[in-house]
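1. What shape does this take:
(chains A and B)
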Amino acid sequence: MLSRRQMLRSTAVGFGHLALTSLLAEETARAQGSADRPTPGAPHHPPRARRVIFLFMKGGPSHVDTFDYKPLLQRDHGKSYPFPRPRVTFASTGHLLGSPWRFQQHGGSGSWVSSLFPEVARCVDDLCFIHSVHGTNAAHGGALLKLHTGSDNFVRPSVGSWINYGLGSENRNLPGFITLCPTLAHGGVNNWGSAFLPAMYQGTPLGNASVPADQARVRYIRNERRTADVQRLQLDRLLEMNRQHQARATVESSLEARIDSFELAFRMQREMPAAEDISGETPATRRLYGLDDPVTANFGRQCLLARRFAERGVRFVQVTHSDSNVQWDQHGDLRRGHAKNAREVDRPIAGLLRDLKARGLLDDTLVWWGGEFGRTPTVEGGGNDGRDHNPEGFTMWLAGGGVRGGHHHGATDDYGWHAAHDKVHIHDLHATILHLLGLDHERLTYRYAGRDFRLTDVHGEVAHAILR
Amino acid sequence: MPLHRILLALAGLGCFASRAWTGGPAPSAEQVRFFETSIRPLLVEHCFKCHGAARQKGDLRLDSREHLLKGGLSGPAVTPGRPEKSLLIKAIHYRDQGLKMPPKGKLSYRQIADLTRWVKSGAAFPANVVTTKKPGDHWAFQPPREPAVPAVKNAQWPRNALDHFVLAQLEAKGLQPAPPADKHTLIRRATFDLTGLPPTPAEVDAFLADTSADAFARVVDRLLASTHYGERWARHWLDVARYADSNGLDENVAFGNAWRYRDYVVTAFNRDKPYDQFLLEQLAGDLLPGDPSTRQERLIATGFLALGPKVLAEGDEKKMELDIIDEQIDTLGRALIGMTLGCARCHDHKFDPISTRDYHGLAGIFTSTRTMENFKRVAKWHEHAIGSEEDRARKAKHDKIVAERKTAIEQLIAKASAKVKAEAKAGKTLPKDIEALFAVETKKEIKQLRDNLAALEKSAPEIPTAMGVADGKVTDVPIFLRGDHLKPGKLARRQVPVVLAGEAPPAFDTKHSGRLELARWLVRPEHPLTARVMVNRIWRWRFGQGIVPTPDNFGLLGEAPVNPPLLDWLARRFIEDKWSMKAMHRRMMLSSTYQMSATDDARAARVDPENRLNWRANVKRLEAEAIRDNLLAVTGTLDRSLGGSLLHVKNRDYLFDHTSKDTTKYDSRRRSLYLPVIRNNVYDVFQLFDFPDPAVANGHRATTTVATQALFFMNSDWVAQLCEEWAGKLLQDAKLDDAGRVERIYRRAYARRPTTQEAAAAQTLVGNVTAVLSRSEANSDRCRRQAWASLCQTVLAANEFVYVQ
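-> The predicted structure follows:
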């Protein structure tokens, strides 16, 4: 590694060799990591996906009301759950609660989808449902951290950070990991943080869950006080000062990297607003994402931005559906809450899938949909219109990027409480996602404080059955 | 460090038994890694019980390569390179009715694939690194020796014995130390080092004018006496103490009293509290005697154990308790002795000789300690009442009045009830709410009294509290198998890790948690790690890299010391100086090693490109806090007041729950140390400049250079605002001409005067910016101020501002 660095250093004559020196900065960061990490552009094995868009439904959407049809639950509505309940539950729940929504089969695959997702239902032949996902934590905080980082009691790098660490960046003028309107609650920044991985791999947030999507910005990307020509004058002087300083000071790669970082920043503040500016999108595209409807416009804009970042080479884009509450957390008021939530996301999600497909991006973009857990088939407390957290078994779906469309993997028990067949733990899901990107989750390691760390810790098995 | 280097290091230290590999060609690093992560754990779990040292069913042992090759009654278990011919592989496939192993159930697809791959690649079977060597052999587990001060060729160079250790190593490699730094560089370096702030022009002038031999020693003494010294070095310690003002994790509630611990640390550094005492107080301050104010300070100190992030909404209360204890053990290990003890929760440490028994021996101490009031969701942590006598007297008086009033109300009700009952006709059942039958005036009177009482209760004087721990119910804990609290195994008596215990390990009685015994054991002079770890931390924070390059890991996977005798010599001096940190600063800073320049040397750079041997000074980027403090100090906007809290929410209130609306304000102009540290949402300027995650002990901050940092200097409103204020002040000063302004900017920002060329270029920039601005801005004063602000911003954005040579 060092000889490579020295070689780079000796060939980087003078200044302004941006690509070379930012490469050097990345080399430095990488040098501290694993010997077995793939070189950029050459993953562990041929990748099926090059990037990920994660549509995160904060709060835990109910699988038994959306994509996991349970005829017995409908039949036995009002009866008591006949099997042992999990040892630890979040709250107490009562009798079985049949879904208030009608399920129908859709597409060539005949996939069951409830009436909550009429538009997504038209895309089922592109979706690969995993009905047997399970996690380890019944509280939002732990479950979010587990989902995003693989650990619910330690601070660990986010899955997006691992992917960027493993694959490097495709666009040096944009961050490789962008998270749109993330929630600051329940782990907050740790859910997109790089923990011990170098800071360059951390997620760059645009706004947060309390900020409308059209106001979500990267910090410090705009300057209201100085015009571009004044800034150019400043930067030219700055470069000259830094050059003289370095000549006086000493040979030190970080000084040079910092010189380059200003030029990169100057370019980034041009490219980022361009990526964020959707004024060039056609009316048809805007409609596709639901920007014409105030109910769907906010999430629609997030999905549209996700596509714009994805096509510009951002490796991992997360879109969070959350308001200033825990959006999908219907302990009560399930009928109204889930109907409202689904309505906000249904059209934008379907729009994103269709748009990606039309642009040929779906082939190598993995779209991942889900929440931090599902919900119980039983009613919460003594009410009749709510469900509790359920990490024991729930549904997520993937689309594009090398997964089988119209496929259903795994199953929960007859009532939908526990994952029962072909169980896929969060660690297995992580292993599978890395696998699709050409990364071996056991070899993607980073040495920190004397230990090799992995996203999947000592767990994780790739769910080969879902691969195309 | 890549594994092959670890193995080399281990081999170099004589860690391997005489036969490192049980036969066969020496495996590659990758083979070892694969074996240790995928094969050995599998064999241990599924095979050794029947085919190991204790039992050999079918005469078969599987715990060494020799045994595998020899096999049992059915023949060799393994044919290296030929999985299809190996009985072991046949057995695990479960295809042969007569040979299915392990008998309890087929291994997973992955495990079968792993074993097959292992046999195919030659069935390398490295000896168990830990068990084949004596546990105490690792250098860090022996008490520091007293090394002889080595002789050096260049006798002129050393200023003190420390230099002999550094120079001897350089000379052995044929290297020369860099020439001394100039006085400008030196005072800037020392001032940031000890106070985290830039020197003022007057301080620079005074040092330049002082030509006496001990001029620099005087600078060091002046800086050590400054209260800013405590602020700076407390912040270093707070990294290790994973200090924060909020819980983070799931329920992000305010640690509203954490600041008391932070201020305690500042005071401890400023008063040069001996490090052994400092540790005793943090681990067991509540168990130490003292006058009331000392007691109070010591209760606050135990905040160290209480400040960790906790999963306060964990539904499984036992798990919550054990996770909290785990966090304490992990922090204690990393922070104080550079050991990753947390690893031994689930299994014996893979590399260090720390067993699950050792772990649970410590867990017993913390189980016997009260960190929490309760574990009910959302759980409450314990706080000490730390009020003065007066506070308590005031509270007692108040409580007494409240009690009296309550009694008065009760009496009134009793009297009125008796009256109602007496008047009621016999046999008539009285309603539940008897008060409804009271006379109107009585009702009125009661309401009035109750209102008064409520108001009084609301105005109760608050007794200040501090997060901290106390002794709880003393108990030993069982060894939880694989760390699973649902699988308790044998009871583990409280103990310190055997490999570190020394000749007289502490005894634990049934009356005390054992924290005090643990703390006393840690600060014994012969403890192999405590002093070494701290002097290494001081070295790391000063020079940018440690003598042991992994300051939080002195175990087998940590890196070996670059200069072992130097580390031991410093550790011994530290103890000899009664654990005085200020004495250690003087010792290090008054050396020639510290006072070198950062000048490059092509030859040295080839031999030691990372400057591990200290042939020159490291160029260091300022940390997040120092960047911010430097910006404030240089622009003349720093508020230097000390101590207290800037947190805007009440203790235990949510910083933000589900809302994602964090209303914490960072617009204060006080030193960065005092800005709230909000877990899950650390101040973005801090995040940008590599502030460590405040949930984990970290003695080795990263330094990254990314474009978003440049964006901060270019575009943040805050930087622009400071620059405009600074420009305004410069322009207001009638005594200054433009050349004088440029000179002042340079002296403040860089502790030096500008060169003629720099001064001219600076004024040119002001002129050019003015020309651009005047196209759209008619007000020439505003134009001028903006132009000077642009220059200020450029100077502050430059490398010279954020790097210390």
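
2. check which helix or strand covers residue A:378.
-> Element membership of residue A:378, judged by DSSP states H and E, is strand A:374-380.

3. Quick check: next helix or strand after that strand?
-> Counting by DSSP H and E, what follows strand A:374-380 is strand A:387-390.

4. what pLDDT, on average, does that following strand get?
-> Averaged across strand A:387-390, the pLDDT comes to 93.

5. now swap in stretch B:578-586 and tell me
-> Here the average pLDDT along stretch B:578-586 is 98.

6. ok, residues contacting it?
-> Outside stretch B:578-586, the residues within contact range by Cβ atoms under 8 Å, 6 or more residues apart in numbering or on different chains are B:194, B:217, B:220-221, B:224, B:233, B:269, B:272, B:274-278, B:523, B:531, B:535, B:538, B:542, B:570, B:573-574, B:577. Every C-beta, even on glycine, is put in place using the N, C-alpha and C of the backbone.

7. coming back round to it: partner strands of the strand holding residue A:378 and their direction?
-> Here strand A:374-380 has these sheet partners by DSSP bridges: strand A:93-96 (antiparallel), strand A:387-390 (antiparallel).

8. Out of the ones you listed, which is closest to residue A:161?
-> Closest of these to residue A:161 is strand A:387-390, at 26.2 Å (criterion: Cβ to Cβ).

9. Can you find the helix or strand of chain A with the lowest average pLDDT?
-> Ranked by mean pLDDT, DSSP states H and E, the weakest helix or strand in chain A is helix A:2-11, scoring a mean of 36.

10. if we can go back for a sec, pick the most buried one from the strands paired with strand A:374-380.
-> strand A:387-390 (a mean of 27; mean count of other Cβ atoms under 10 Å in any protein chain shown).

11. packing partners for the helix or strand that that strand is followed by?
-> For strand A:387-390, the succeeding helix or strand toward the C-terminus, using DSSP H and E, is strand A:394-400. Counting contacts by 3 or more Cβ pairs under 8 Å, 6 or more residues apart in numbering or on different chains; DSSP states H and E, strand A:394-400 packs against strand A:127-134, helix A:334-358, strand A:365-370, strand A:374-380.

12. The same query, at a cut-off of 6 Å, please.
-> With contacts defined as 3 or more Cβ pairs under 6 Å, 6 or more residues apart in numbering or on different chains; DSSP states H and E, the packing partners of strand A:394-400 are strand A:127-134, strand A:365-370.

13. what angle do it and strand A:127-134 make?
-> 150 degrees (axes from the mean of the first three to the mean of the last three Cα atoms, to 10 degrees).

14. Can you name the residue of chain A nearest chain B?
-> Proximity to chain B, evaluated over chain A using Cβ to the nearest Cβ, is greatest for residue A:141 at 2.0 Å.

15. That residue: neighbouring residues, count only.
-> Counted with other Cβ atoms under 10 Å in any protein chain shown, the neighbours of residue A:141 add up to 27.

16. Select only the buried ones of the contacts of stretch B:578-586 in PyMOL?
-> Per 16 or more other Cβ atoms under 10 Å in any protein chain shown, the buried members of those correspond to this PyMOL selection:
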select buried, chain B and resi 194+220+224+233+269+272+274+275+276+277+278+523+531+535+538+542+570+573+574+577
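
17. just the contacts of stretch B:578-586 that are near chain A?
-> Near chain A, judged by Cβ under 6 Å from any Cβ of the partner chain, there are no entries from the contacts of stretch B:578-586.

18. Okay, and which of the contacts of stretch B:578-586 map to helices?
-> Among the contacts of stretch B:578-586, the ones falling in helices (DSSP state H) are B:194, B:217, B:220-221, B:224, B:233, B:269, B:275-278, B:531, B:535, B:538, B:542, B:570, B:573-574.
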